[in-house]
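**Q** show me how the following folds:
(one chain, ligands or ions: 1)
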Amino acid sequence: MRIFLDTANIDQIKQGVKLGVVSGVTTNPTLVSKEGHKDYKAVVKEICSIVPGPVSAEVVVEGTQAMLEQARQIATWASNVVIKIPSTVDGLEVTSQLARENIKVNMTLCFSLNQALLGALAGATYISPFVGRLDDVGHDGMELVKDIVDVFKKYDNLTTEVLAASIRHPLHCVSAAKAGAHIATVPYKVLLQMMKHPLTDIGVERFLADWKSVSGDK
Ligand code: G3P
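**A** Residues are numbered from 1 along each chain as shown. Next comes the predicted model:
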């Protein structure tokens, strides 16, 4: 499984890449606006220049023609940009057309196996089931990830990668890995939480204290 960062925060992206474990970034209009970025193109280009892998940038218009035109524009911004298209009927048409033009699509806002199936058939490179938002409404978001992974494994023509999104806490990452998700996209805070363990901290402290007591270091 690969880890992407789910953020538009440049410092967090730089730090995540420095840790050597982040191989992509996903953004959405909410994340971009949260950081106060005004120039969408400039920020996407900057993120693409930092990250050694795919960077998802979402279309922010409606209607097939407008989405297609914007997607084609965004695709010229960087060689590693991936276009996020919503899992709607219009989105399906746009995804199919972009796939024919060899433009990579991350089909986003996926909440059902049927949406994932159609997205894969349309030629999406990634499909993003939103785990946390399903949990929010009393469904088991990770069950959907499992279902998509299981069904895609059964058929050679379903080669779309499953990108577990709307990850809220470290247990989501554990479950995404167990479910066989190809990628989990995580907020920076969750990335740090994944590496944290109190027994590691206690162990480090004890080793250093013991070392100081024999070596005489203060
Ligand atoms: O990866 C999608 C993500 O940005 C949405 O997360 O927490 O707003 O559901 P959330």
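**Q** helix/strand/coil for the residue most central in space within the chain?
**A** Nearest to the centroid of the C-alpha atoms of the chain, with distances taken as CA atoms, centre = their mean, sits T185, at 3.1 Å. Secondary structure assignment for T185 (DSSP: H, G, I helix; E, B strand; the rest coil): strand.
**Q** now do it against A177, distance only.
**A** In this view, T185 and A177 are 13 Å apart by CB to CB, to the nearest Å. The C-beta positions use only the backbone N, C-alpha and C, and glycine is treated the same way.
**Q** need the helix or strand of the chain with the lowest average pLDDT.
**A** Across the helices and strands of the chain, the lowest-confidence element by mean pLDDT, DSSP states H and E is helix 29-34, at a mean of 91.
**Q** how far is whichever helix in the chain runs longest from where the chain is centred?
**A** Counting residues, the longest helix in the chain under DSSP state H turns out to be helix 198-215. For helix 198-215, the separation from the chain centroid amounts to 37 Å (computed by CA atoms, centre = their mean, to the nearest Å).
**Q** likewise stretch 191-203?
**A** Relative to the centre of its chain, stretch 191-203 is centred 23 Å away, using CA atoms, centre = their mean.
**Q** is that stretch anywhere near the ligand?
**A** No. For stretch 191-203 and the ligand, the contact criterion (CB under 6 Å from any ligand atom) is not met; the two come no nearer than 13.2 Å.
**Q** OK, contacts around the nearest residue to Y40 once chain neighbours are set aside?
**A** Counting by CB to CB, 6 or more residues apart in numbering, Y40 lies nearest to V32, which is 6.5 Å off, once chain neighbours are set aside. Applying CB atoms under 8 Å, 6 or more residues apart in numbering, one finds that V32 lies in contact with 8, 40, 43.
**Q** what's the distance between the last one and the ligand?
**A** What it means is V43. Separation of V43 from the ligand (CB to the nearest ligand atom, to the nearest Å) stands at 15 Å.
**Q** do you know the pLDDT at the spatially closest residue to that residue that is not a sequence neighbour?
**A** If the residues on either side of it in the chain are set aside, V43 comes closest to H37, at 4.2 Å by CB to CB, 6+ apart. According to the model's per-residue confidence, H37 sits at a pLDDT of 81.
**Q** strands along the protein, start to end?
**A** Listed in chain order, the strands of the chain (DSSP state E) span residues 2-6, 22-26, 55-58, 81-86, 105-110, 126-129, 161-164, 183-186.
**Q** now, of those strands, which is deepest in the fold?
**A** By mean neighbour count, with neighbours taken as mean count of other CB atoms under 10 Å, strand 126-129 ranks first of the strands of the chain at a mean of 29.
**Q** which neighbours in the sheet does it have, and how are they oriented?
**A** Based on DSSP bridges, the pairing partners of strand 126-129 within the sheet are strand 105-110 (parallel), strand 161-164 (parallel).
**Q** kindly reformat these as TSV containing mean pLDDT and distance to V137.
**A** Output for the strands paired with strand 126-129, formatted as TSV (pLDDT from 0 to 100; distance: least, CB to CB, whole Å):
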stretch	mean pLDDT	distance to V137
strand 105-110	98	13
strand 161-164	98	17
